[in-house]
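**Student:** Next input, structure requested:
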Amino acid sequence: MAWEYWDCEPSKPRKVKNGIKARSRKGNIGSTWWSEKWLKILESYGSGWSSNRLKRGMSYARMGQIINFEISKGSISASVQGSRPKPYKVTISVKMLGNKQWKTAVESMSSQVIYAAKLLAGEMPENIEKAFAGASSRLFPSKAEFKAYCTCPDSANPCKHIAAVCYIIAEEFDRNPFMIFELRGRSREDILTSLRKARNGGTGRDAKEPSSHVDEKDNKSDNDGDTSAPRPLQNFVCSFWHAGKNYRLLDISMEPSRVNAAVIKRLGEPSFWRLQKNFVDIMEDIYGKVSRIALKEAYAPS
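**Tutor:** Numbers count the residues shown, from 1 in each chain. From the prediction side, this is the model:
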């Protein structure tokens, strides 16, 4: 390939006030397997000229050269500040999956509750691609399904501006894996609604709550014979902490949680956190240790 001026651009990019910076300050960008899989699209372009631009793109991401970005169904748009006064416009298009492909994939995901549990906890299930394999598709786009364009004068694709955006998006995927579904054509609400419908026979209604084991005689006396009327809370003041005759019907599970620190993962890193190590990773480790100790104590011989 012929040498180009932009391969060794001497000028430095203009500083951006309040630019979007990558959280990672050294090493690789992206802390989850799914963001790593996303970045492999960039790596698939080979070495040589492309690797130089990827390194510069990583530097741009860490310097905060991305002014803004937006993820929508099938596309990513962003503004990246380079060395010229006018920011460059980056557009990335990802092929969206068809309705039939999504229907098959959702039906497969709905057969196992772990899919929804992990997604709601901020994790991408490791076997997610199995759900899409039945639809002859894949969740993570291939190189052929990924198209990028930048208004910069560099004729290479991906350029460092496109690479910078991809690195920032990788960290967004770390935080919210639903954004990958968004790129493929389904929002978070779309996915959860479809999963709920599939698990409830296509009605879209939540599963019926189990009926309470209330003594019919007591219920009639408390409500003057009207069993359909709700029982006032004050009626239970004297017996609230008593298990009653149906305590053996209580279902108590001592199995370890399928997702450690699920609530923490859903809420994300708190604003006060300033340490280099990832807050969610620390809490996940702590929750796991606490769970193991609790199970050990529960099953220890008395």
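
**Student:** so after the least confident helix or strand in the chain by mean pLDDT, what's the next helix or strand?
**Tutor:** Here the helix or strand of the chain ranked lowest by mean pLDDT, DSSP states H and E is helix 216-222, holding a mean of 46. As assigned by DSSP states H and E, the chain's next helix or strand after helix 216-222 is helix 262-267.

**Student:** In terms of secondary structure, what does that following helix contact?
**Tutor:** Counting contacts by 3 or more C-beta pairs under 8 Å, 6 or more residues apart in numbering; DSSP states H and E, helix 262-267 is packed against helix 113-120, helix 279-298. No exception for glycine: its C-beta is placed from N, CA and C like everyone else's.

**Student:** how about the first one: buried residues?
**Tutor:** Right, helix 113-120. 115-116, 118-120 (16 or more other C-beta atoms under 10 Å).

**Student:** Ok, stretch 141-161 next?
**Tutor:** Buried, per 16+ other C-beta under 10 Å, within stretch 141-161: 141, 145-146, 148, 150, 152, 154, 156, 158-161.

**Student:** neighbours around residue 36, how many?
**Tutor:** 16 (other C-beta atoms under 10 Å).

**Student:** could you measure residue 35 against residue 81, distance?
**Tutor:** Distance, residue 35 to residue 81, by C-beta to C-beta, to the nearest Å: 23 Å.

**Student:** Kindly apply the preceding question to residue 290 instead.
**Tutor:** With distances taken as C-beta to C-beta, residue 290 is found 45 Å from residue 81.

**Student:** Compare neighbour counts for those two and give me the winner.
**Tutor:** residue 81 (23 against 12).

**Student:** any idea how far the more buried one is from residue 164?
**Tutor:** Residue 81 sits at a distance of 10 Å from residue 164 (criterion: C-beta to C-beta).

**Student:** and if you look at residue 124?
**Tutor:** Counting by C-beta to C-beta, the gap from residue 124 to residue 164 is 23 Å.

**Student:** List the residues that contact the residue nearest to the spatial centre of the chain.
**Tutor:** With distances taken as C-alpha atoms, centre = their mean, the chain has residue 177 as the residue nearest its mean C-alpha position (2.1 Å). By C-beta atoms under 8 Å, 6 or more residues apart in numbering, residue 177 lies in contact with 32, 34, 119, 122-124.
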